[in-house]
Each structure stands twice: as structure tokens, then as C-alpha cells.
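1. no FASTA, just this:
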């Protein structure tokens with residue numbers, strides 16, 4: 001039987017760019033899993049997208065039926081409006097975060113995913129929990145390095 005999974009995601013960055021993190025709540029039947037990670041320097045949109053990627057990558061069964069709830073118009077509209085697939089055809093020319101979008105497409109195509117946009121900070125219990133996880137992760141002392149973002153940032157600031 002194909003599992004049905006509900007996922008809530010959120011991303012955060014303090015300063016945008018700045019320290020950031022993502023939060024994920026995954027539910028299927030009686031099972032619940034929370035994930036989060038923090039990064040030294042990144043953007044809110046990168047964290048929003050990375051949350052979705054990590055959630056999908058953590059699924060154990062291909063062709064899972066997945067409902068993703070997020071307050072990120074960036075992610076929802078890119079997929080649901082079809083922009084992402086046009087960007088892909090154009091090899092992400094002049095688009096931000098191609099590394100993450102390519103990674104997203106690889107895992108997205110292995111499942112049956114529907115996106116649902118929800119208003120952030122509107123008392124949605126699971127969205128609020130994701131926000132809390134993302135902010136807490138961004139505040140951790142030990143965080144990851146968003147190597148792609150940081151290497152691009154260095155290129156922008158070199159003389």
C-alpha cells in the first residue's frame with residue numbers, strides 16, 4: 001500500500017542573508033517525526049526550499065502520496081504555477097538557488113506531491129511548530145555551512 005504522508009515545512013533566516021534554519025513536521029498515521037538544521041549563512045528562501053527537499057529525501061518508500069503544507073509562496077508558486085519546469089528547460093539561467101531546485105526536482109519526481117500554501121503565523125499548530133524548529137536551529141551554536149550559498153557570496157564580494 002502506498003503511504004500517505006502529511007508534511008509541514010518552514011524556513012527562517014535572521015538578516016536574510018544571515019544565520020538560518022529549517023523545521024519539518026512529518027506525519028503518517030500514528031507516526032510523527034520532526035527535523036531541523038541550522039546554517040551559518042543563508043537566505044530564507046533557501047531554507048524554505050531545503051526544508052521541502054530534506055523532508056522528501058527522508059521518505060523511505062518511493063511513490064508516496066505527499067501533501068506538503070508551507071507558508072512559502074516561493075516554493076508553492078514555483079511548482080504549482082509551473083515556473084520551475086520552465087526554469088529547468090532554460091537550465092536555471094539567471095535564477096536563484098539552482099543547486100537546490102535541481103536537488104528538489106530529483107526527489108520530487110519520485111513521489112506524488114501536492115503543495116498547499118498556508119498563511120504563516122496564523123495559529124496553524126504544525127506551521128507554528130516548524131517555525132519554532134527553524135528559528136531554534138538558526139540559533140544553535142553548532143550549525144552547518146551552506147557551502148554553495150557562501151561560495152557564491154564570496155564571488156560577489158571579491159574585487
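-> Done, it's in. Please read all numbers here as calculations on a predicted model, not as lab measurements. Numbers count the residues shown, from 1 in each chain.

2. all helices for this structure, in order.
-> Ranges of helices within the chain are 44-57, 73-80, 83-89, 98-108, 125-138, 147-157, based on DSSP state H.

3. closest one to residue 14 among these?
-> The closest of those to residue 14 is helix 125-138. By CB to CB, the value is 5.9 Å. (Each C-beta comes from the backbone N, C-alpha and C, glycine too.)

4. could you check the angle that closest one makes with helix 44-57?
-> Note on geometry: by axes from the mean of the first three to the mean of the last three CA atoms, to 10 degrees, helix 125-138 and helix 44-57 are set 110 degrees apart in direction.

5. now do the buried residues in helix 125-138.
-> Across helix 125-138, burial judged by 16 or more other CB atoms under 10 Å covers 126-131, 133-135, 137-138.

6. any chance of the residues you listed in CSV, with pLDDT too?
-> Below are these laid out as CSV (pLDDT from 0 to 100):
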residue, pLDDT
126, 97
127, 96
128, 96
129, 98
130, 97
131, 97
133, 98
134, 98
135, 97
137, 97
138, 96
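
7. so which of the helices of the chain is the most packed in?
-> When you average the neighbours per residue for each of those (mean count of other CB atoms under 10 Å), helix 44-57 leads with a mean of 23.

8. that one - contacts with which helices or strands?
-> Applying 3 or more CB pairs under 8 Å, 6 or more residues apart in numbering; DSSP states H and E, we find helix 44-57 packed against strand 4-13, strand 18-28, strand 31-42, strand 65-70, helix 73-80, helix 98-108, helix 125-138.
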